[in-house]
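> Just to be clear, the model below is a prediction. Sequence and coordinates:
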Amino acid sequence: MGRRFQASMFNVVVDEQENGMYLYNSYKGLDSIKEVAPAAREKVKDYLSGRKVDESDDPILNELIENRFMVPELYDERADREQLFYEYTMEDTLDITVHTTDACNFRCKYCALDFKTNVISKDVQDRIIKLIARNVNKYSRVHIDWFGGEPLIGIDAIEYISEKVIDICRKAKKPYTGSITTNGYLLTKENVEKLIKSRVANYTITVDGLKETHDNQRIYMDGGPTWDRIIGNLEGIRDNVKNRYISVVIRGNFTKEMLKDLPEFYNLLNDKFGKDPRFSFFVRPAGDWGGERVKLIADHLMPYSQMAEVYNYLAENQKDLKCIINLYNIHTCGAMCRSNKKNRYVITSYGKVQKCETCRPEHEIGEISKDGRLDTDKHLEAVWTVGFRRNKREQCDECPLSCSCLWGNCPKIGVLNPKDKNCGYITEYKELIKLAAKTYDVETLGAEA
Ligand code: SF4
Ligand code: SF4
Ligand code: SF4
């Protein structure tokens, strides 16, 4: 008797009628996406409808099998998903975020900070160096993400720690990489040179729309504008930095005001940076990240679901400047926040340890000791990496996106509010699949039909 097949539980079919039909499978992630040829659509829908199908020499059926849209009858797909979960969460990169300061030179309207003035002390810097020196051989590679406040206020600490850690990793023959999330105001030529020397390769800089909207949301601490200087600094990187291996992500935190300007904003960024493949665009809704200030602009915040409009626009009008980071959400495990990972830690400017960079002091899980040991509460760590997820497993067992989020799109919500049923990604995935199909000009399934 021949074999029988059934549709994978991780399939998503996006049928936009005359605007195309796309297939996606969250186990295979971005690489799975295919456009379906018009003549093959009815047959594909029938094969994927849930019925069992006997093997045959139908090329459409065989393309669906080869691309994992159909799997053998009784195939245990949950085992594959479980395996992904362990591979991802136990990955052996030491991935740390260091807050060089809690201070900032901006006063953004949605910022949750209470604007302290502290900068990371020499003592904490030395603890971080010792932590890496004594543990480097346990990991396959080391990554530091510089964060704040505004991390460039602590540029001296970035230089000092990087120099030592680069040397430690070189001697241990372990790759080292760095990244930074900055408001961009202090990204002067001199600071960029220091960062490149410190092996900072990935830069995320926020620009909230056209000058008027940005200057209204992202205000300098004296109340002044910031847009011109940030754009000037980005142009400086484009024109003066010869290193081809850096990447610059321009992040827009969307409020309702920014939606109407989206075409003009995207075209402006594309004109300025689209020809330089090191630049990309990343869009997020400005959210309530805590604190009191954001309450003043509560009416201007956009729900996540409204991002569908933004992705749709970008899918239909995409030019050279791509939205690569947004597409991570549909990579295999891509919507899972890295705070789920066992070897992922956030180190505050006081030397305390957390799992997420937006946590408050009451959510610390430990500290780095004087001699560079991670003194953490193992139970609290376990709650972040595996514990909170138990709630969601039952609720989300059959979700086709579960190999993308693995129930961990925001562990902070799950850990702090164990009864929360929030799902942050379900609303706009269809638009992301379309955006990915246009970005990568994917293959057509059933082209011979
Ligand atoms: S730049 Fe970042 S840290 Fe500074 S005020 Fe704005 S949101 Fe807050
Ligand atoms: S949290 Fe949302 S996207 Fe993730 S598995 Fe559950 S329902 Fe799916
Ligand atoms: S845990 Fe949630 S808030 Fe923290 S970094 Fe992850 S997604 Fe963001």
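Arrived safely, thanks for sending. Ligands and ions are numbered 1, 2, ... in the order given.
> what's the longest helix in the protein?
The residue-count maximum for a helix in the chain (DSSP state H) belongs to helix 155-172.
> For the helix or strand just after it, enumerate the helices and strands it packs against.
Downstream of helix 155-172, the first helix or strand assigned by DSSP states H and E is strand 176-182. Using 3 or more C-beta pairs under 8 Å, 6 or more residues apart in numbering; DSSP states H and E, the elements in contact with strand 176-182 are strand 141-147, helix 155-172, strand 200-206. Where you see a C-beta, it was placed from the backbone N, CA and C, and this is true even at glycine.
> picking that back up, got the angle between the longest helix of the chain and strand 141-147?
180 degrees (axes from the mean of the first three to the mean of the last three C-alpha atoms, to 10 degrees).
> Just say helix, strand or coil for the closest residue to residue 58 other than its chain neighbours.
Excluding the flanking residues, the one nearest residue 58 by C-beta to C-beta, 6 or more residues apart in numbering is residue 43, at 7.9 Å. Three-state assignment for residue 43 (DSSP: H, G, I helix; E, B strand; the rest coil): helix.
> Would you check that residue 43 makes contact with residue 63?
No - using C-beta atoms under 8 Å, residue 43 is not in contact with residue 63, being 10.6 Å away.
> more neighbours, those two?
residue 63 (22 against 16; other C-beta atoms under 10 Å).
> Run a quick neighbour tally on the residue of the stretch 201-350 of the chain found nearest ligand 3.
Residue nearest to ligand 3 within the stretch 201-350 of the chain (C-beta to the nearest ligand atom): residue 337, separated by 3.2 Å. Applying other C-beta under 10 Å, we find 18 residues neighbouring residue 337.
> One more: residue 387?
Applying other C-beta under 10 Å, we find 16 residues neighbouring residue 387.
> Find the nearest non-adjacent residue to it, please.
Per C-beta to C-beta, 6+ apart, closest to residue 387 is residue 415, 7.6 Å.
> ditto for residue 368
Residue nearest to residue 368 in three dimensions, not counting chain neighbours: residue 127, with 4.3 Å by C-beta to C-beta, 6+ apart.
> got the residues of the chain near ligand 1?
Counting by C-beta under 6 Å from any ligand atom, the chain comes close to ligand 1 at 104, 106, 107, 108, 111, 113, 148, 149, 150, 183, 218.
> secondary structure class for the fifth one?
For residue 111, the reduced secondary structure class is coil; criterion used: three-state DSSP.
> measure it to residue 358 for me?
11 Å (C-beta to C-beta, to the nearest Å).
> Can you pick out the residue with more neighbours from those two?
The neighbour comparison of residue 111 against residue 358 (other C-beta under 10 Å) goes to residue 111, with 19 against 14.
> from memory the more buried one sits against residue 104, does it?
Yes - in this structure, residue 111 is within contact of residue 104 by C-beta under 8 Å, at 7.4 Å.
> what about residue 332, how many residues close to it?
For residue 332, the neighbour count with other C-beta under 10 Å is 22.
> show me what contacts it?
Residues near residue 332 by C-beta atoms under 8 Å, 6 or more residues apart in numbering: 26, 27, 28, 29, 30, 84, 403, 404.
> what about this structure, any weak spots by pLDDT?
By pLDDT under 70, the weakly predicted segments of the chain are 1, 287-291, 293, 388, 390-391, 420-422, 424-426.
> Give me every residue in it lying close to ligand 3.
337, 339, 356, 357, 358, 410, 411, 412.
> ok, now how distant is the first one from residue 6?
Spelled out, that is residue 337. Where residue 6 is concerned, residue 337 sits at a distance of 32 Å (C-beta to C-beta).
> Repeat that for the last one.
Separation of residue 412 from residue 6 (C-beta to C-beta): 37 Å.
> who touches both of residue 43 and residue 63?
The contact sets of residue 43 and residue 63 overlap at residue 446 (C-beta under 8 Å, 6+ apart).
> Which residue lies closest in space to residue 431, excluding its sequence neighbours?
residue 311 (3.6 Å).
> Tell me if the residue nearest to residue 368 really is in a strand.
No - secondary structure of residue 127 (three-state DSSP): helix, not part of a strand.
> mind starting the numbering at 33 from now?
Got it, the first residue is 33 from now on, which makes the last one we talked about residue 159.
> can you tell me which residues contact it?
383, 400, 401, 402, 404 are the contacts of residue 159 under C-beta under 8 Å, 6+ apart.
> Report the separation between the closest residue to the last one other than its chain neighbours and residue 402.
Right, residue 404. Spatial nearest neighbour of residue 404, excluding adjacent residues (C-beta to C-beta, 6+ apart): residue 162 at 2.7 Å. Look at residue 162 and residue 402: by C-beta to C-beta, they are 8 Å apart.
> In terms of packing, which of these two has more residues around it?
residue 162 (18 against 11).
> does the more buried one count as helix, strand or coil?
helix.
> My read is that it contacts residue 383, right?
No - using C-beta under 8 Å, residue 162 makes no contact with residue 383, being 11.1 Å away.
> Find residues that contact each of these two.
residue 400.
> show me where the stretch 183-332 of the chain has helices.
Counting by DSSP state H, counting those that start in this stretch, the stretch 183-332 of the chain has these helices, from start to end: 187-204, 221-229, 243-249, 259-272, 288-292, 294-305.
> What residues sit buried inside the longest one?
The neighbour-count criterion (16 or more other C-beta atoms under 10 Å) identifies 187, 189, 190, 192, 193, 194, 196, 197, 198, 200, 201 as the buried residues of helix 187-204.
> can you check stretch 55-72 too?
For stretch 55-72, a neighbour-count test (16+ other C-beta under 10 Å) marks 55-62, 64-69, 72 as buried.
> now for that stretch, what's the gap between its first and last residues?
12 Å (C-alpha to C-alpha, to the nearest Å).
> With stretch 119-135 instead?
With C-alpha to C-alpha as the measure, stretch 119-135 spans 37 Å from end to end.
> swap in stretch 441-460?
Start-to-end, stretch 441-460 (C-alpha to C-alpha) is 14 Å.
> picking up where we left off before, how about the contacts of residue 364 in a markdown table, adding secondary structure?
Shown next, in a markdown table, are the contacts of residue 364 (three-state DSSP):
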| residue | secondary structure |
| --- | --- |
| 58 | coil |
| 59 | coil |
| 60 | coil |
| 61 | strand |
| 62 | strand |
| 116 | helix |
| 435 | helix |
| 436 | helix |
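> Out of those residues, flag the one nearest to residue 255.
residue 436 (42.1 Å; C-beta to C-beta).
> Contacts only, for that closest one.
58, 61, 361, 362, 363, 364, 365, 366, 367, 368, 457.
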